[in-house]
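Peer 1: Sequence and predicted structure below; questions after.
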Amino acid sequence: MINYDGKRFRKVSTDPNAPVTLYRQRDDLVWAELTGGGVRLGSLTGKCGEDGTIDMAYTMVLASGQVISGHSTNTPEFLPDGRIRLNEVWERYGTNGSRGTSAIEEVAE
């Protein structure tokens, strides 16, 4: 199992203000809190499988005031430099519900 505790991730984008999320982990429990890049406050909580895949729920309050929540399954991929890329398949719930894919990458120290 991958240990995500203390690893920082950022959405793969060219936005220098994209939030950096610090992941915490205890056994198979994974959680994080994020701010910045249009997110006033967000949190995620999930479980990490033996293969490093994280199954999580998330909530966020955006700068616009919109409150969103959803579910994501994040599958790890190791980059050539050893960092982790999490390939996300997500679903947002509610009146503005949607589905999609995205990726976040470990921030190099």
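Peer 2: Sure, I can see it.
Peer 1: From here on, just use CA atoms for contacts and neighbour counts.
Peer 2: Will do.
Peer 1: remind me, longest strand of the protein?
Peer 2: Taking residue count as the measure and DSSP state E as the definition, the longest strand of the chain comes out as strand 67-78.
Peer 1: helices and strands around that one, which ones?
Peer 2: Where contact means 3 or more C-alpha pairs under 8 Å, 6 or more residues apart in numbering; DSSP states H and E, strand 67-78 is packed against strand 54-62, strand 84-92.
Peer 1: Only alpha carbons, please: show the first one as CSV.
Peer 2: Taking C-alpha atoms only, strand 54-62 is exported to CSV below (Å, rounded to 0.1, in the frame of the first residue of the first chain):
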residue,chain,number,x,y,z
ILE,A,54,-8.2,6.0,-3.0
ASP,A,55,-12.0,5.9,-2.8
MET,A,56,-13.1,9.2,-1.4
ALA,A,57,-15.9,11.7,-0.8
TYR,A,58,-15.3,15.4,-1.0
THR,A,59,-17.0,18.7,-0.2
MET,A,60,-16.0,22.3,-1.1
VAL,A,61,-17.2,25.8,-0.7
LEU,A,62,-16.1,27.8,-3.7
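Peer 1: avg pLDDT for that strand?
Peer 2: Model confidence over strand 54-62, given as mean pLDDT, is 96.
Peer 1: With mean neighbour count and distance to residue 13 as added columns, please give the helices and strands packed on strand 67-78 in a markdown table.
Peer 2: As requested, those are exported to a markdown table (neighbours: other C-alpha atoms under 10 Å; distance: least, C-alpha to C-alpha, whole Å):
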| stretch | mean neighbour count | distance to residue 13 |
| --- | --- | --- |
| strand 54-62 | 19 | 18 |
| strand 84-92 | 20 | 13 |
